[in-house]
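1. I would like to see how this sequence folds:
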Amino acid sequence: MTTTTLAALVPLLPFLGAVAGLLLGRTAPGFVRPLAVLPPLASLVLAALVAARQGGGRAIDAYTLLTPTGSVPVDLALHIDGFAALVAILVAFVATCVQIYSTGYLRDDPRYPSYAALVSLFTSAMLLVVYSGDLIVLLVGWEVMGICSYFLVGHYWGTPEARTASLKAFLVTKLGDVPFLIGLFALGTDAGSFRITRVLGAVASGGLDHPTLIALLLLAGVAGKSAQFPLHTWLPDAMAGPTPVSALIHAATMVAAGVYFVARLLPVFEASAAAMTVLAVMAAVTMVGSGLAALAQDDIKRVLAYSTIGQLGYMTGALAVGDRGAAVFHLLSHGAFKALLFLAAGAVIHASGTNSLAAMSRMSHLRDRVPDAFWTMTVALLALAAIPPFSGFFSKESVLGAAERLATGHPGPAPGAAGWIVLVAALATALLTAAYATRLWLLAFRGRGAEAPEYGRQPLSMTVVLWVLAVPSLAFGALAYRVLPGWFDGRSLAPTLLTSILGTGLAVVGALLVYGAWQRTSALAARVPLGAVAAHPEGDAGLVEAEAIATHEPAYGDIAQAPDPADPGRLLLGPLYGPAASGFHLDAVYSALFVRPVLGAASLVRFLDREVVDTYVRGAAALPRLLGAAVRRAQTGNVQTYVSALLAGTVVLTVAVLLVASGA
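-> Predicted coordinates for the structure are as follows:
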């Protein structure tokens, strides 16, 4: 079988599995789980074969005309280079793990057949994005992912949070997709083709007439799909969906699509220094803002959501300094440990029997109750915090090294200022990442929660997946930084001494700060029993607030809903805690800038329609009705009246004629 045929089957098999699952979900429920697991597993095997044949060498290109448009044709094309080959393996691997995990996690869910089919369709759409060699075909996969995310995030549609979150995810990403679509059309028009190879050839020959405009339009779609500032607000709310869906979205699909798109078309963005600077600023704001927000979240899944936003900021930062190898390296590494983080969190939630216990303030000493989740999540958090020798250290250091090279004067496709922006923000984020990772570990596994439910045993399908994902989270980076340059652009991905010392040192500082703050607040919480009133310590605003929570002040209502009195984030952030916990009130800003004006305009249109247009329509209908009523009154049905009127009219006409004749 040819490599092209194998590659075509990679996205096709999950699509066929999705169709079969939807058709047989009700009539043959016994086939649902095999149809959920086997197609992505087969795609994983085929993607590995395609990668082995591609081998990091010359890209595999194949195409056939899909439809003549009269101007720029659309081709059904494949373009598989080293980046595409490895990302496809990641997508299929994580999707397979999610489907296996979901067989246990959603074992009793009545809507599991439709869920499994949508996950397969989601996987197929992402694989289409990865392998596609034509921008319009890529757009199809891009949009199918959007509609799949709408249905999957809203899987628990009976809850208002899920309904709101699914609608928000769809609308915010569509807000970015509109300029993205315009940018694709402009790019295809300038290049004379939608084929990626021809677009890149046009860029190399200087054939783009509007590179800055095109790049900025495309970045709007990337910001929406990959949850980058300012279109990132949908991702934390998307945690209302099932946890395996969160793992799939955050690790291998949807949010990874925007980063992968920029990596694939990086020369288009490099053609504009302004676009690269905008990309750097977007990455910097995203990294730092999401790190602060993650340090203030109480819901474990929202912490991980903001973490994903920040790690995607690292990837876009690497792209902003012109190193797509470092960006995709971190994409691959992040895919493994972020999937593990979400699925381990899902194991805790599943064991508790309710999704409400995602709040860390309600967790208490989970180490002995869910040991598999404890050990695997510890591995994933160490990878997230970039502690050597875990995988996140090597991939994050490749980003820091790329930014440091550009900042210190090495020639590159972006301005040196972009290198400094990314480097400073990435170092600050290294400290914040280690801080919120340590906080999550302490509150979840050593916390003094208000509830201590009995935890049940997890299905084997869930625990096996956790340990499978723990392997690349631990060992992928040390091997990959030596091997991946041959699959990418040939640039070294090895950690550099300066950034390794700075990044790791800041990570250790962040972890120690949180641990020290946790010990201090824990001591206070132990001295002040829940519900008791104690004197406020002098001059320590963070402890005053922690004590206020411990004394069960009315603002928090039921203590089960109150934040953990031993939360170190409150002490460290101080007055920033409130704004950070609410995502710096961006939703309120967007509501004031966009939602309210739109609602006001809609109210005005409704008023004009009701009071002006409808009044005109009612008036136009009333006039004939009045005339008809007047005519109807003359129709009495009395024949004598009609004859009298006829005679009177005849007399009047006769007199008139005589008068005219005499005058003549």
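2. show me what contacts L6?
-> Residues near L6 by C-beta atoms under 8 Å, 6 or more residues apart in numbering: 46, 49-50, 53. In short, each C-beta sits where N, CA and C put it, glycine included.
3. select only the buried ones of those in PyMOL?
-> The PyMOL selection below is limited to those of these classed as buried (16 or more other C-beta atoms under 10 Å):
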select buried, resi 46+49+50
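4. of the contacts of L6, which belong to helices?
-> Counting by DSSP state H, the contacts of L6 place 46, 49-50, 53 in helices.
5. pick out the most distant pair among these.
-> Taking C-beta to C-beta as the measure, the ones in helices among the contacts of L6 reach their widest spread between L46 and R53, a distance of 10.6 Å.
6. for the ones in helices among the contacts of L6, which one is nearest V589?
-> Checking those against V589 with C-beta to C-beta, the nearest one is V50 at 45.1 Å.
7. okay, the nearest residue to L16 once chain neighbours are set aside: pLDDT?
-> Residue nearest to L16 in three dimensions, not counting chain neighbours: P39, with 6.7 Å by C-beta to C-beta, 6 or more residues apart in numbering. pLDDT, P39: 96.
8. you'd agree P39 is up against G17?
-> Yes. Under the criterion of C-beta atoms under 8 Å, P39 makes contact with G17 at 3.2 Å.
9. in the helix or strand harbouring R198, what's buried?
-> Under the criterion of DSSP states H and E, R198 resides in helix 196-204. For helix 196-204, the neighbour count (16+ other C-beta under 10 Å) marks 196, 198-200, 202-203 as buried.
10. overlap in contacts, P39 and G17.
-> With C-beta under 8 Å, 6+ apart, P39 and G17 have common neighbours S120.
11. which neighbouring elements make contact with the host helix or strand of T438?
-> Secondary structure from DSSP H and E places T438 in helix 416-446. Judged by 3 or more C-beta pairs under 8 Å, 6 or more residues apart in numbering; DSSP states H and E, the packing partners of helix 416-446 are helix 273-294, helix 300-320, helix 371-384, helix 391-407, helix 497-527, helix 568-573.
12. C-terminal to the last one, what's the next element?
-> So that's helix 568-573. Where DSSP H and E defines the elements, the next helix or strand beyond helix 568-573 is helix 577-581.
13. let me see the mean pLDDT of the following helix or strand past that following helix.
-> Remark: after helix 577-581, the chain's next helix or strand is helix 586-590, criterion DSSP H and E. Helix 586-590 shows an average pLDDT of 91 in the prediction.
14. helix 586-590 packs against which elements?
-> Taking 3+ C-beta pairs under 8 Å, 6+ apart as contact, there are no helices or strands that helix 586-590 lies on.
15. could I get the buried residue list for it?
-> Those would be 586-587, 590, for helix 586-590 by 16+ other C-beta under 10 Å.
16. what helix or strand is V129 on?
-> Using DSSP H and E, V129 falls in helix 112-131.
17. the helix or strand that comes right after that helix to helix 196-204, inter-axis angle?
-> Using DSSP H and E, the helix or strand that follows helix 112-131 in sequence is helix 135-153. Angle of helix 135-153 versus helix 196-204, following axes from the mean of the first three to the mean of the last three C-alpha atoms, to 10 degrees, is 120 degrees.
18. tell me what angle helix 135-153 forms with helix 112-131.
-> Using the same axes, to 10 degrees: helix 135-153 against helix 112-131 is 150 degrees.
19. next one: the next helix or strand after helix 135-153 to chain centre, how far?
-> Per DSSP H and E, the first helix or strand lying C-terminal to helix 135-153 is helix 160-191. Taking C-alpha atoms, centre = their mean, to the nearest Å, one finds helix 160-191 lying 12 Å from the centre of the chain it belongs to.
20. tilt between helix 160-191 and helix 135-153?
-> Using the same axes, to 10 degrees: helix 160-191 against helix 135-153 is 180 degrees.
21. quick one: buried residues of helix 160-191?
-> Using 16+ other C-beta under 10 Å as the test for burial, helix 160-191 gives 162, 165-166, 168-170, 172-177, 179-188, 190-191.
22. what mean pLDDT does that helix get?
-> pLDDT averaged over helix 160-191 gives 94.
23. also stretch 70-83?
-> Confidence for stretch 70-83, expressed as mean pLDDT, is 91.
24. ok, now stretch 437-451?
-> If you average the pLDDT over stretch 437-451, you get 80.
25. could you report the neighbour count for the closest residue to L432 other than its chain neighbours?
-> Of all residues not flanking L432 in the chain, G291 sits nearest, at 3.0 Å (C-beta to C-beta, 6+ apart). Number of residues near G291 (other C-beta atoms under 10 Å) recorded here: 26.
26. which residues touch G291?
-> G291 touches 306, 310, 428-429, 432-433, 435-436, counting by C-beta under 8 Å, 6+ apart.
27. now that F393 has come up, it's in contact with L400, right?
-> No. Counting by C-beta under 8 Å, F393 stays clear of L400, with 10.4 Å between them.
28. quick check: the gap between the closest residue to L76 other than its chain neighbours and R633.
-> Spatial nearest neighbour of L76, excluding adjacent residues (C-beta to C-beta, 6+ apart): L66 at 4.3 Å. Relative to R633, L66 is positioned 70 Å away (C-beta to C-beta, to the nearest Å).
29. which of the two has more neighbours?
-> L66 (15 against 8).
30. and that one, backbone torsions?
-> Note on L66: backbone dihedrals following degrees, to the nearest 10 are phi -90, psi -50.
31. look up how far M360 lies from it.
-> 50 Å.
32. can you check A8 too?
-> A8 sits 45 Å away from M360 when distances are taken as C-beta to C-beta.
33. what about these two, which has more around it?
-> Taking neighbours as other C-beta under 10 Å, A8 and M360 compare with M360 leading, 27 against 17.
34. check that one and give its pLDDT.
-> Confidence score, pLDDT, at M360: 77.
35. list the contacts of it.
-> Residues counted as contacts of M360 (C-beta under 8 Å, 6+ apart) are 298-300, 303, 440, 443-444, 447, 449, 564.
36. and which of those residues is nearest to A95?
-> For these, the nearest to A95 is I300 (22.9 Å; C-beta to C-beta).
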